[in-house]
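Peer 1: Output the structure for:
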Amino acid sequence: MRKQPDSERQTSTTGTLTVLSVSPLDEDHSSLQAIIGHSKWLLLKARDFVSTLALLQQHQVAVVLCERDLLPGTWIDVLEHIKSLARAPSLIVTSRLADNQLWAEALNLGAWDVLAKPFDRTEVIRSVHSAWRNWHDQIHMRGTAVTTMEAAS
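Peer 2: Here you go, the predicted model:
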């Protein structure tokens, strides 16, 4: 699959917020759609790691909500791939077993947050919004740094 140039990729740092839900469970996707369906947020859905990679190539994704256990793979595989992207989205890990151990591991490895399932509407909106703000600020800071470096040379 060919990688689209940034000019062809969907969304921007100021347009519609694109959220990617990664889970083999249909109930996760439908629950998230019910929560954000009335907003300007766009929800993309992937069932596994391979389809996640394809969607990340095709769309400018700001936030990824990833089920802890994928088959094959885990949220850590998704996180490692995300870290290699120029505009790396913020990753939120989701799990029915969202305990302190998962929370500590996720944050130490670079995930933005951990959400327990079943999803709580208020918590999803809070977490996705703060993850988007982090992504947006990182993009803005990189742009400012590049402009400053170009001006200095």
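Peer 1: Spatially central residue in this structure, please.
Peer 2: What sits nearest the mean C-alpha location of the chain, by C-alpha atoms, centre = their mean, is V64, with 1.9 Å.
Peer 1: What mean pLDDT does the helix or strand it falls within get?
Peer 2: Following DSSP states H and E, one finds V64 within strand 63-67. For strand 63-67, the mean per-residue pLDDT is 98.
Peer 1: same question, stretch 89-96
Peer 2: Stretch 89-96 comes out at a mean pLDDT of 97.
Peer 1: Which residue ranges of this structure form helices?
Peer 2: For the chain, the helices defined by DSSP state H cover 26-36, 49-58, 75-83, 100-109, 121-152.
Peer 1: and the angle from the first one to strand 63-67?
Peer 2: Meaning helix 26-36. 150 degrees (axes from the mean of the first three to the mean of the last three C-alpha atoms, to 10 degrees).
Peer 1: ok, H38 to I125 distance?
Peer 2: Distance from H38 to I125, counting by C-beta to C-beta, to the nearest Å: 11 Å. In this view, the C-beta of every residue, glycine as well, is placed from N, C-alpha and C.
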